[in-house]
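*Asks:* Pasting the sequence and the predicted model now:
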2 protein chains.
Amino acid sequence: MKLEEAQDKFIQGWGQLGASWGINRTMAQIQAVLLVSPEALCTDDIMERLQISRGNANMNIRELIAWGVVYKSFKPGDRKEYYYAEKDMWDLAKKVARERKKRELEPLNRILGELKTVEGNSNEVKEFKKVVKSADSMAKRADSMLELVGKLDENIFFKWMTKGK
Amino acid sequence: MKLEEAQDKFIQGWGQLGASWGINRTMAQIQAVLLVSPEALCTDDIMERLQISRGNANMNIRELIAWGVVYKSFKPGDRKEYYYAEKDMWDLAKKVARERKKRELEPLNRILGELKTVEGNSNEVKEFKKVVKSADSMAKRADSMLELVGKLDENIFFKWMTKGK
DNA sequence: TCAAACTTTCAGAAATAATTGAAAATTAAA
DNA sequence: TTTAATTTTCAATTATTTCTGAAAGTTTGA
């Protein structure tokens, strides 16, 4: 397979993965373009490679930077901003996990907290409280799991557990 | 807070969470309705509670069953199908993780496998191979992590690590 | 200060996804 | 069988998300 073709497949595949994770497809594709590029690229490079508009490119690049998976750089004697991707994929996964946790688990926790004040003693109320408590403990567990991933990342025992064919 | 109100908040919040996970909002809401209901419900109950059409209800119930998080049941002397939700939330999370793994990680792995056949020796090709390899190992790592979650679930050491305030 | 180079914004257009509702298919009791 | 109850399908509609492109905003160097 030729390089260009392989890169395109990677870009498409990565975009697809992003889409199914609820991340805008173009955003994932821009990240993929930066991942496969040895040097930092400017907005025009990205617009050209993906055939997208300036506005679209700009918005999604901002978003990637906000997620902490793409960085800016500057070239001396050039006014343009250049962008490059975090290439440590595990670090990437951790950052995405952290960002999602912030955006999704926290709002859920807030709601679940409020719901504990439900009044009454009927069967339905008891059932409901059980569900809320269960959701709450799941959220906490998911939360500490994500923490764990970050912390245990370098731990030799963890590496041993997760290594394998 | 009154029960009905609390249930509605839970249903909305759960739908929201589902949406940000790339799961159809209605699908998540149906699951929430079943979660807070002490008895199994039929299609009409769900249509009424969420004010949605029969087609919509049917499609999303099917999908929930396919994910393995909702089950059918039958009442004697009644032809209707009744549905109830898996209420063990941790089990739920595991099932969702497994399903997503199947739907998303596997396609990525297939593509990454193909991409190893890229030809050439240039700097760009080397860079590209590095990215592919890195993505591949991240995918494998995520994969074994999900495996681990399932296996360690009952493990006391793991519980100790993840327990917290 | 001005003007060129570049970035950001955002209203409207286009693309995508979800939903409806009624018809078709299926099921099971009589 | 037949028929009534129920589930499934799907073309058309509606809602949501994403994208465009041009105008407005910002920055930098002369």
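*Replies:* Looks like it came in fine. Numbers count the residues shown, from 1 in each chain, chains lettered A, B, ... in the order given.

*Asks:* My read is that residue A:136 contacts residue A:112, right?
*Replies:* Yes. Judged on Cβ atoms under 8 Å, residue A:136 makes contact with residue A:112 at a distance of 4.7 Å. (Each C-beta comes from the backbone N, C-alpha and C, glycine too.)

*Asks:* Among these two, which residue is more densely surrounded?
*Replies:* The neighbour comparison of residue A:136 against residue A:112 (other Cβ atoms under 10 Å in any protein chain shown) goes to residue A:112, with 23 against 18.

*Asks:* Okay, and the more buried one sits in which element?
*Replies:* helix A:106-115 (DSSP states H and E).

*Asks:* Could you identify the helix or strand that succeeds that helix?
*Replies:* helix A:123-152.

*Asks:* before we move on, back to that, can I get the helix holding residue A:112 as PDB, trimmed to CA atoms?
*Replies:* This file holds the C-alpha atoms of helix A:106-115, laid out as PDB (Å, rounded to 0.1, in the frame of the first residue of the first chain):
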ATOM      1  CA  GLU A 106     -19.800  15.500  36.900                       C
ATOM      2  CA  PRO A 107     -23.200  16.600  35.600                       C
ATOM      3  CA  LEU A 108     -24.700  13.200  36.400                       C
ATOM      4  CA  ASN A 109     -23.300  13.300  39.900                       C
ATOM      5  CA  ARG A 110     -25.000  16.700  40.400                       C
ATOM      6  CA  ILE A 111     -28.400  15.400  39.300                       C
ATOM      7  CA  LEU A 112     -28.000  12.200  41.400                       C
ATOM      8  CA  GLY A 113     -27.200  14.300  44.400                       C
ATOM      9  CA  GLU A 114     -30.400  16.300  44.100                       C
ATOM     10  CA  LEU A 115     -32.500  13.200  43.600                       C
END
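
*Asks:* residue nearest the centroid of chain A?
*Replies:* Of all residues in chain A, the one closest to the mean position by Cα atoms, centre = their mean is residue A:96, 2.8 Å from it.

*Asks:* Okay, it and residue B:138: tell me how far apart.
*Replies:* For residue A:96, the distance to residue B:138 equals 11 Å [Cβ to Cβ, to the nearest Å].

*Asks:* Show me how the record splits chain A into domains.
*Replies:* As assigned by automatic domain parsing, chain A contains the domains A:3-85, A:89-162.

*Asks:* how about those in JSON lines, adding distance to residue B:52 and mean pLDDT?
*Replies:* Putting those into JSON lines (distance: least, Cβ to Cβ, whole Å; pLDDT from 0 to 100) gives the following:
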{"stretch": "domain A:3-85", "distance to residue B:52": "22", "mean pLDDT": "95"}
{"stretch": "domain A:89-162", "distance to residue B:52": "21", "mean pLDDT": "79"}
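
*Asks:* Out of those, which gets nearest to DNA strand D?
*Replies:* Within those, the stretch nearest DNA strand D is domain A:3-85; the backing value is 1.9 Å (Cβ to the nearest atom of the strand).

*Asks:* close to DNA strand D, is that closest one?
*Replies:* Yes. Applying Cβ under 7 Å from any atom of the strand, one finds domain A:3-85 touching DNA strand D at A:24-27, A:51-56, A:59-60, A:79.

*Asks:* show me where chain A has helices.
*Replies:* For chain A, the helices defined by DSSP state H occupy A:3-20, A:25-36, A:43-50, A:54-66, A:89-100, A:106-115, A:123-152, A:156-162.

*Asks:* and those helices, which is most packed in?
*Replies:* The highest mean neighbour count among these, using mean count of other Cβ atoms under 10 Å in any protein chain shown, belongs to helix A:25-36: a mean of 24.

*Asks:* What is it packed up against?
*Replies:* helix A:3-20, helix A:43-50, helix A:54-66, strand A:70-74, strand A:81-85, helix B:123-152 (3 or more Cβ pairs under 8 Å, 6 or more residues apart in numbering or on different chains; DSSP states H and E).

*Asks:* Redo the ones you listed as TSV? Include distance to DNA strand C.
*Replies:* Shown next, in TSV, are the helices and strands packed on helix A:25-36 (distance: least, Cβ to the nearest atom of the strand, whole Å):
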stretch	distance to DNA strand C
helix A:3-20	6
helix A:43-50	4
helix A:54-66	3
strand A:70-74	8
strand A:81-85	3
helix B:123-152	22
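
*Asks:* could I get the ones you listed as CSV with distance to residue B:69?
*Replies:* Below are the helices and strands packed on helix A:25-36 laid out as CSV (distance: least, Cβ to Cβ, whole Å):
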stretch, distance to residue B:69
helix A:3-20, 18
helix A:43-50, 36
helix A:54-66, 31
strand A:70-74, 35
strand A:81-85, 35
helix B:123-152, 15
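
*Asks:* by contact count, what packs against the helix holding residue A:112?
*Replies:* Judged by 3+ Cβ pairs under 8 Å, 6+ apart, the packing partners of helix A:106-115 are helix A:123-152, helix B:3-20.

*Asks:* for the shortest one, the distance to its chain's centre please.
*Replies:* Spelled out, that is helix B:3-20. Relative to the mean C-alpha coordinate of its chain, helix B:3-20 is positioned 16 Å out (Cα atoms, centre = their mean, to the nearest Å).
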